[in-house]
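**Student:** okay, here's the prediction I keep looking at, along with the sequence it came from:
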Amino acid sequence: MADAVLDRLSAANIFDLRGVVAVVTGGGTGIGLMISSTLMANGATVYIIGPKQADLDRVARIYSEAAEKTGRPGRMYGLAGDIRSKSEALRLADEVGKKEQHVTVLFNNAGILVGVSPHTSANTAEAFRSTFFDAVSEQEFDDSLRTNAVGPYWLSFAFLPLLEKWKQYEGGSRRFAPQIIMTSSMNAWTKDINTAGRSYPYMFSKAAIGQATATLAHELLPLGIRVNGIAPGFFQTEMTAPGSADAVGQSHLPEGVKMGFEVPTTQPPLVAGGRAPYGGTSRDVGSLALFLVGNWFVNGETVLIDGGTMLLHPSSY
């Protein structure tokens, strides 16, 4: 009997995602791609959502062809759409529903960082108004809130019927509970604008989605659909290192470049002889995504994954 217990508890069994259908907004770049490629590597069918179909198709083709070549069952598909829109949320859910009988997990991951304020020139009211009022447009605030917080609301409810259908899915063992996972940020709790790229619109929107995670988890208890969150610290992505993505969508800071805050955790080199990465890696956020998908007993929680940054900078986390 012990051998059966050990087999059941092996990582290969716990994280065998064959039969899992995942939808990842912003899944073709940055942290979204780290999540979607990890899910796919472990057998899931993954739909990545973003603004441009051609870009999504290119990324999906690269990873699906690699999976096929190595005998992995996971596949990735691109689906273009505007996640800020209520009508688009319904359309995206309908498009996935035409191809799949259910969805196991929806990752509301897409986000933008705009409305950056420069450093104040002096400790005067006029200087602060120039920095935080004049330098930020209404459109930047609207876009931040709609993309980072309002869009996930529309998508969560639009995809509920497909998430609920997972409970009736008979094509597998139903080892995974239906779930919505929000990508918040350490900056939902920071008191230091420097850790948030000096963007109050970004901080405000991420704080909203951090609160929404627990609230929606409570609301959806009668449906048996869990809601959890991921709160990343600094990762090398298109948001933090624009224009640096390589052929497989991985972004890289130029050597020696660091941000205006400290990340105390030192990572080992990703490959022998390489340099240690600054910030989190795809393995870090990917393994957290696997944990949340594979676990039945976590609900309403947001997991901070910031390399200890919030231990050094003032926060309310």
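**Tutor:** Right, received. Where do you want to start?

**Student:** now do the buried residues in stretch 130-142.
**Tutor:** Using 16 or more other CB atoms under 10 Å as the test for burial, stretch 130-142 gives 130-132, 136, 140-141. For glycine as for every other residue, the C-beta is placed from the backbone atoms N, C-alpha and C.

**Student:** let me have these in a markdown table, extended by pLDDT and distance to residue 18.
**Tutor:** Shown next, in a markdown table, are these (pLDDT from 0 to 100; distance: CB to CB, whole Å):
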| residue | pLDDT | distance to residue 18 |
| --- | --- | --- |
| 130 | 96 | 56 |
| 131 | 95 | 52 |
| 132 | 97 | 50 |
| 136 | 97 | 46 |
| 140 | 97 | 42 |
| 141 | 96 | 43 |
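
**Student:** just the residues you listed now: which is nearest residue 158?
**Tutor:** If you rank the buried residues of stretch 130-142 by distance to residue 158 using CB to CB, residue 141 comes first, at 24.2 Å.

**Student:** part of a helix, is that closest one?
**Tutor:** Yes - counting by DSSP: H, G, I helix; E, B strand; the rest coil, residue 141 falls inside a helix.

**Student:** contacting residues for it?
**Tutor:** By CB atoms under 8 Å, 6 or more residues apart in numbering, the contact set of residue 141 is 115, 201, 204.

**Student:** buried residues in stretch 199-218?
**Tutor:** Those would be 199-210, 212-214, 216-217, for stretch 199-218 by 16+ other CB under 10 Å.

**Student:** equivalent analysis for stretch 300-315, please.
**Tutor:** 300, 302, 304-307, 309-310, 313, 315.

**Student:** out of these, what pair is the most spread apart?
**Tutor:** Most distant of these, by CB to CB, are 300 and 313, 25.2 Å apart.

**Student:** burial count for residue 149?
**Tutor:** Neighbour count of residue 149, defined by other CB atoms under 10 Å: 23.

**Student:** skip the chain neighbours and tell me the closest residue to it.
**Tutor:** Of all residues not flanking residue 149 in the chain, residue 208 sits nearest, at 4.0 Å (CB to CB, 6 or more residues apart in numbering).

**Student:** so the one you found makes contact with residue 147?
**Tutor:** No - using CB atoms under 8 Å, residue 208 makes no contact with residue 147, being 11.5 Å away.

**Student:** circling back to that earlier point, let's see which of the buried residues of stretch 300-315 end up in strands.
**Tutor:** Counting by DSSP state E, the buried residues of stretch 300-315 place 302, 304-305 in strands.

**Student:** quick check, nearest of the residues you listed to residue 46?
**Tutor:** Closest to residue 46, out of all of these and judged by CB to CB, is residue 305, at 20.1 Å.

**Student:** which residues touch that closest one?
**Tutor:** 230-233, 280, 284-285, 288.

**Student:** for the stretch 1-150 of the chain, which segments are assigned as strands?
**Tutor:** Under the criterion DSSP state E, counting those that start in this stretch, the stretch 1-150 of the chain contains strands at 21-25, 45-50, 75-80, 105-108.

**Student:** winner for burial among the ones you listed?
**Tutor:** Most buried of those, by mean neighbour count (mean count of other CB atoms under 10 Å): strand 105-108, with a mean of 30.

**Student:** what helices or strands is it leaning on?
**Tutor:** Strand 105-108 sits against strand 21-25, helix 30-41, helix 151-158, strand 179-183, with contacts defined as 3 or more CB pairs under 8 Å, 6 or more residues apart in numbering; DSSP states H and E.

**Student:** among those, which is nearest residue 254?
**Tutor:** Nearest of the helices and strands packed on strand 105-108 (CB to CB): helix 30-41, 17.2 Å.

**Student:** and the closest one with strand 21-25, angle?
**Tutor:** Relative orientation of helix 30-41 and strand 21-25, computed by axes from the mean of the first three to the mean of the last three CA atoms, to 10 degrees: 170 degrees.

**Student:** residues contacting helix 30-41, please?
**Tutor:** By CB under 8 Å, 6+ apart, the surrounding residues in contact with helix 30-41 are 17, 20, 22, 24-28, 46, 48, 59, 63-64, 67, 72, 74-76, 107, 109-110, 183, 232, 235, 237-239, 249-251, 281-282, 285-287, 289-290, 293.

**Student:** pLDDT on it, on average?
**Tutor:** The average pLDDT within helix 30-41 is 97.

**Student:** quick one, it and strand 75-80 angle?
**Tutor:** Using the same axes, to 10 degrees: helix 30-41 against strand 75-80 is 140 degrees.

**Student:** ok, residue 196 touching residue 203?
**Tutor:** Yes - using CB under 8 Å, residue 196 is in contact with residue 203, at 4.6 Å.

**Student:** report the buried residues of stretch 255-264.
**Tutor:** Per 16+ other CB under 10 Å, stretch 255-264 contains these buried residues: 261, 263.

**Student:** before we move on, what about stretch 117-129?
**Tutor:** Buried, per 16+ other CB under 10 Å, within stretch 117-129: residue 117.
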